[in-house]
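Q: sequence and predicted model, in that order:
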Amino acid sequence: MIKDNLYNEQLLIKVCMLAGKIMLESGAETYRVEDTMLRIASSFGVMNAQSYVTPTGILFSINESEPSNFIRIMERSTDLHKVTQVNSISRKISSGELTVARAHACLEKIKQGTHVYSISKRIMAASVASGCFTIMFNGTWFDFFPSVFAGGIGYGSVVYFHRIVEIRFFAEFLSSAIIGLLAYLFVLTGFGIELDKMIIGSVMPLVPGLLITNAVRDLMAGHLVSGLSKGAEAFLTAFAIGAGIAVVISLMS
């Protein structure tokens, strides 16, 4: 009996930690991650669980006196489909539809799953979004297709450079520089008209909109450490984009 209880306790900890890790790596807000972990624990009868989440790590304990468990978060991306899947598992646990073992198996399946959209589909979506943003910012239809091309190349460059260089700042800097160079060449060859509109539209898929939103929501929820760190990360991304464009424009002018 004692061994069974210990096994279930350890498995519950794994379920809570795995749910939090998947959500945090997929772009969920820290307060939402903490809430999901605590809800899962309480659904299995653990009412005094403690959870502390930052963008780079998760601490969890089933009560105040037990040792804390820690997971380091190395990679963070945007995959709201996985966040939705974990939330669905959490709701099923709350309604009593899943056991601890079954919940762990479902979360492992979600963890092993690939991104819901392939890289080619994401590049295509970024391309179309770039052209639409150019029109939205009062660009002309002559700049639509150059923006589509530059935005797609720029987004694909981020994915490629990030695989080579782990520091995302350099990947975003190089990608924005490529976008600025392409836009400048399009205007120079007469394929495009308004340089500023094409650049603005093409860099929009790189803008950390979700990161900024999560930073504000974490700050409003009282998670100051997470909110400030995400805000700093968003600032660095915006700075990398602006610096890449600025370098190209200054060199070409």
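A: Thanks, I have the structure now.
Q: going by C-alpha atoms from here, please, whenever you check contacts or count neighbours.
A: Fine.
Q: I'd like the next helix or strand past the one helix or strand L11 maps to.
A: Using DSSP states H and E, L11 falls within helix 2-25. Once the chain leaves helix 2-25, the next helix or strand it forms, by DSSP H and E, is helix 30-43.
Q: so which residues of this protein form strands?
A: 50-54, 57-61, 69-72 (DSSP state E).
Q: quick one, which of those strands is nearest to D196?
A: Closest to D196 of the strands of the chain is strand 50-54 (C-alpha to C-alpha; 37.3 Å).
Q: neighbouring strands - and their directions - for the closest one?
A: The strands beside strand 50-54 in its sheet (DSSP bridges) come out as strand 57-61 (antiparallel).
Q: list the contacts of the partner strand.
A: In this structure, residues lying in contact with strand 57-61 by C-alpha atoms under 8 Å, 6 or more residues apart in numbering are 13, 17, 20-21, 49-53, 67-73.
Q: same thing with stretch 185-196?
A: So stretch 185-196 is in contact with 139-140, 142-143, 146, 183-184, going by C-alpha under 8 Å, 6+ apart.
Q: low pLDDT regions in this structure?
A: Along the chain, segments meeting pLDDT under 70 span 1-7, 116, 253.
Q: walk me through the domains of it.
A: When the chain is parsed with automatic domain parsing, its domains come out as 2-112, 119-252.
Q: could those domains be laid out in TSV, adding mean neighbour count?
A: Shown next, in TSV, are those (neighbours: other C-alpha atoms under 10 Å):
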stretch	mean neighbour count
domain 2-112	18
domain 119-252	19
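Q: excluding its backbone neighbours, what's nearest M198?
A: Computed as C-alpha to C-alpha, 6 or more residues apart in numbering, the closest residue to M198 that is not its neighbour in sequence is S147, at 5.3 Å.
Q: and if you look at G151?
A: S202 (4.1 Å).
Q: let me know whether that neighbour touches I179 as I believe.
A: Yes. Counting by C-alpha atoms under 8 Å, S202 touches I179, with 6.9 Å between them.
Q: which residues do the two both contact?
A: By C-alpha under 8 Å, 6+ apart, the residues touching both S202 and I179 are 150-151, 154.
Q: how close does the residue nearest to M198 get to A234?
A: Remark: distance between S147 and A234 (C-alpha to C-alpha, to the nearest Å) = 23 Å.
Q: now swap in F173 and tell me
A: As for F173, its distance to A234 is 13 Å (criterion: C-alpha to C-alpha).
Q: mind listing what the nearest residue to K230 once chain neighbours are set aside touches?
A: Nearest residue to K230 in three dimensions, chain neighbours excluded: A215, at 5.2 Å (C-alpha to C-alpha, 6+ apart). Going by C-alpha under 8 Å, 6+ apart, A215 touches 29, 226-231.
Q: out of those, who's nearest A101?
A: E29 (26.2 Å).
Q: report the contact partners of that closest one.
A: Here E29 is in contact with 214-215, 217-218 (criterion: C-alpha under 8 Å, 6+ apart).
Q: at 6 Å instead, please
A: With contacts defined as C-alpha atoms under 6 Å, 6 or more residues apart in numbering, E29 is in contact with N214.
Q: mind putting the shared contacts of S202 and I179 in TSV, distance to L59 included?
A: Converted to TSV, the shared contacts of S202 and I179 look like this (distance: C-alpha to C-alpha, whole Å):
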residue	distance to L59
A150	42
G151	39
G154	37
